[in-house]
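Undergrad: structure, please.
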Amino acid sequence: MSERFRRHRRTKIIATLGPASSTPEMIGQLFQAGADVFRLNFSHGSHEDHAARIEMIRALEKKFGRPIGILADVQGPKLRVGQFQSGRVQLQAGQNFVLDMNPAPGDTRRVCLPHPEILAAAEIGATLLLDDGKLRLRVVRKRDDHLLTEILNGGVLSDRKGVNIPDVVLPIPALTQKDLADLDFVLPLGIDYIGLSFVQRPEDVVQAKEIAAGRALVMVKLEKPQALENLDGILDAADAVMVARGDLGVELPPEDVPIAQKRIIRAAQQRGMPVVVATQMLESMISAPAPTRAEASDVATAVFDGADAVMLSAESAAGQYPREAVNMMDRIVARVERDEDWRRAIDAKRPAPENSSADAIAAAAVQVARTIGAQAIVALTESGSTALRVARERPDCPVLGLTISETVARRLAAVWGVHAAVTREVHSMTEAVANATKIARLEGFASKGDEIVVVAGVPFGQPGTTNALRVVRL
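TA: You can find the predicted model right below:
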């Protein structure tokens, strides 16, 4: 017997699974605490680990009778220096340091950089950031087999630390051989989103979508300044977007990251595509049972900005308080959404409807629902597009997304304000209205005497034909 389960907030929560959250019991606790989508991080863990987690999530889905989304986040190209004779060195500001192709262990004068594409693309004056930006180098001379750099900010550099080059578009595909093998493994298991790392150009997205072949939607992770320069083209090619503030915060000045976050959210909302804000949201809860006040404000800012979802990374994957972190995020989101200023902020950001009948119907549904005080907007959706269009309008009342596809229902788990449910096929508007009222009552959205707004596409069975609106009193 499935248990009815309903969230009382609009913004969704994505929780990353890892060593701290890989038992059926803990995954169940995270779901009950507020997780709507689970992220599998393919930078860590074996294929067997991830397959087991997918199985646990789908079992949980059956138990609660609720669609749960799964995001498979592939690693992307990781650029790293080689190793040192003593494991680490101290680099002094003002000195020179060579990055070369020699695989021999490095010292205070040089280290291997096993990425010929960096040597080829870097120009004199380019900045290299090592170890998440803790060390900063500037290229002063370039040869085919090495770069001579000046150390601008020194510090300790140890084996295999990461390299970021914010000034340069690198001729590197977003999907590595490891990523291709990971996708080959995980796509047949029934995931809902691919997290695409290190996106620089629209072509990166096109390649991922060809591989996915409709089996999963592509969520681009914006981590590079170059992605911001190509933002419109990348978003036009993508299905969803993540503001990945970890690497973005390394390559952009810290003061630019909040501006970039707002710009990306605004561009995604204009397109009606899900947008996720991620990285370091409740970072201190990796080792503490409560967040800092600044972290709580950070989550609140994403909710005020109108993000579809906020995400936990190490907090739920490897932290000491995974359930508490999800619960805290749930509490912050719910509290913000009860605030009058939140509603005003969301209304002020609502994009103008596009010049289409589908957008006109979605905007009208939201206006009608507000005027009559409807308890819910029921969107009958074949592909998910009707529910997405209504969610784009950020209505006052919940959106009940009804679909015959379990896959579509799971994808809607990441979409603002949408409570998705799998239903039977209908063939007429009369049948659709009867089904909508039955499920609205069953799922706890409306009761006798309440009004709901029903939005659908006629004729039924044709995706993307949103053209009908009905007001129904139960």
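
Undergrad: stretch 7-26: which residues count as buried?
TA: Using 16 or more other C-beta atoms under 10 Å as the test for burial, stretch 7-26 gives 7, 9-18, 20-22, 26. Quick note: C-beta positions are derived from backbone N, CA and C, even for glycine.

Undergrad: from those, which land in strands?
TA: K12, I13, I14, A15, T16, L17 (DSSP state E).

Undergrad: closest to T301 out of the buried residues of stretch 7-26?
TA: Of all those, T301 sits closest to T11, with 11.7 Å by C-beta to C-beta.

Undergrad: export the ones in strands among the buried residues of stretch 7-26 as TSV, with columns for pLDDT and distance to E210.
TA: Shown next, in TSV, are these (pLDDT from 0 to 100; distance: C-beta to C-beta, whole Å):
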residue	pLDDT	distance to E210
K12	98	28
I13	98	31
I14	98	25
A15	98	29
T16	98	27
L17	98	27
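
Undergrad: could you point out which of those residues is nearest to A296?
TA: Lowest distance from A296 to those (C-beta to C-beta) belongs to I13, with 14.4 Å.

Undergrad: which strand residues bridge that closest one?
TA: Beta-bridge pairing of I13 under DSSP bridges involves V310.

Undergrad: next one: it from W416, what distance?
TA: Noted for I13: a distance of 12 Å to W416, by C-beta to C-beta, to the nearest Å.

Undergrad: can you list residues touching both of these two?
TA: A309 (C-beta atoms under 8 Å, 6 or more residues apart in numbering).

Undergrad: quick check: phi and psi at M242.
TA: phi -120, psi 130 (degrees, to the nearest 10).

Undergrad: count of neighbours near it?
TA: Around M242 there are 31 other residues, counting by other C-beta atoms under 10 Å.

Undergrad: ok, it touching V310?
TA: No - M242 is not in contact with V310 according to C-beta atoms under 8 Å; the separation is 10.7 Å.

Undergrad: identify the contacts common to these two.
TA: V276, V277, A278.

Undergrad: among those, which one is most surrounded by other residues?
TA: V276 (28 neighbours).

Undergrad: so it makes contact with M311?
TA: Yes - counting by C-beta under 8 Å, M311 is a contact partner of V276 at 5.5 Å.

Undergrad: quickly list what's touching both of those two.
TA: I14, M242.

Undergrad: picking up where we left off before, narrow the shared contacts of M242 and V310 to those in strands?
TA: Per DSSP E, the shared contacts of M242 and V310 map to strands at V276, V277, A278.

Undergrad: quick one: contacts for the second one?
TA: When you say that, I think you mean V277. Counted by C-beta under 8 Å, 6+ apart, V277 has contacts M242, V243, R245, Q261, I265, A302, D305, A307, A309, V310, M311.

Undergrad: need the contact list for the fourth one.
TA: Contact analysis of Q261 by C-beta under 8 Å, 6+ apart lists V243, R245, V277, A302, D305.

Undergrad: try the last one
TA: The neighbours of M311, taking C-beta under 8 Å, 6+ apart as the test, are I13, I14, A15, T16, R39, M242, V276, V277, A278, T279, M281.

Undergrad: pick out whichever of these sits closest to T127.
TA: T279 (21.5 Å).

Undergrad: hang on, isn't the closest one packed against E223?
TA: No - proximity of T279 to E223 does not meet the contact threshold set by C-beta under 8 Å, at 9.3 Å.

Undergrad: what touches both of those two?
TA: A244, G246.

Undergrad: and these two? Which one has more around it.
TA: The residue with more neighbours, out of T279 and E223, is E223; 25 against 20, by other C-beta under 10 Å.

Undergrad: ok, and the closest non-adjacent residue to the more buried one?
TA: In space, and not counting its chain neighbours, E223 is closest to D247: 3.7 Å by C-beta to C-beta, 6 or more residues apart in numbering.

Undergrad: okay, now the one you found: neighbour count?
TA: By the criterion of other C-beta under 10 Å, D247 has 21 neighbours.

Undergrad: enumerate every residue touching D73.
TA: T16, R39, L40, N41, F42, S43, I194, G195, S197, K221 are the contacts of D73 under C-beta under 8 Å, 6+ apart.
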